[in-house]
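S.K.: With the input below, show me the fold.
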Amino acid sequence: MDDLELIFTMLGEASTTKIAKGINAKGLAQNTVAAIKGGKIAGDARKQLELESGASVSTPENYLTEPENTKRKKLK
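M.R.: Numbers count the residues shown, from 1 in each chain. From the prediction side, this is the model:
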């Protein structure tokens, strides 16, 4: 991942944590709501940056052409 991909990932995680703590989330249902809201915050920020910069934040270098478990089988 490049810097921006990491930053937006961290923003989503930090936002989700802050929301979950703020509502004192307990259980899967409440934490799912917090995760959706946190992901939306990061997603909206990424989309806004892409709109303003005219360039995609995601890079093709992060794409796996072969699943990790297939690679591991070949190594054995």
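
S.K.: For the most centrally placed residue in the chain, pull up the helix or strand it's in.
M.R.: Closest residue to the average C-alpha location of the chain: Thr9 at 4.0 Å, with C-alpha atoms, centre = their mean. Secondary structure from DSSP states H and E places Thr9 in helix 3-22.

S.K.: If you count contacts, what does that helix end up packed against?
M.R.: helix 27-53 (3 or more C-beta pairs under 8 Å, 6 or more residues apart in numbering; DSSP states H and E). The C-beta positions use only the backbone N, C-alpha and C, and glycine is treated the same way.

S.K.: Count the neighbours of Asp3 for me.
M.R.: For Asp3, the count of nearby residues is 8 (other C-beta atoms under 10 Å).

S.K.: and it, what pLDDT?
M.R.: With respect to pLDDT, Asp3 scores 91.

S.K.: what does Tyr63 give?
M.R.: 66.

S.K.: what helices or strands is the lowest-mean-pLDDT helix or strand in the chain leaning on?
M.R.: Between all helices and strands in the chain, the lowest mean by mean pLDDT, DSSP states H and E belongs to helix 68-75, at a mean of 77. On a contact count with 3+ C-beta pairs under 8 Å, 6+ apart, helix 68-75 meets no helix or strand.

S.K.: what about it, distance to the chain center?
M.R.: 25 Å (C-alpha atoms, centre = their mean, to the nearest Å).

S.K.: Just the buried positions in it, please.
M.R.: For helix 68-75, a neighbour-count test (16 or more other C-beta atoms under 10 Å) marks nothing as buried.

S.K.: and what of stretch 21-41?
M.R.: Those would be 25, 34-35, 37-38, 41, for stretch 21-41 by 16+ other C-beta under 10 Å.

S.K.: Touching the helix holding Thr9 from outside, list them.
M.R.: Helix 3-22 is contacted from outside by 1, 25, 30-31, 34-35, 37-39, 41-43, 45-46, 49, 57-59, 62, using C-beta atoms under 8 Å, 6 or more residues apart in numbering.
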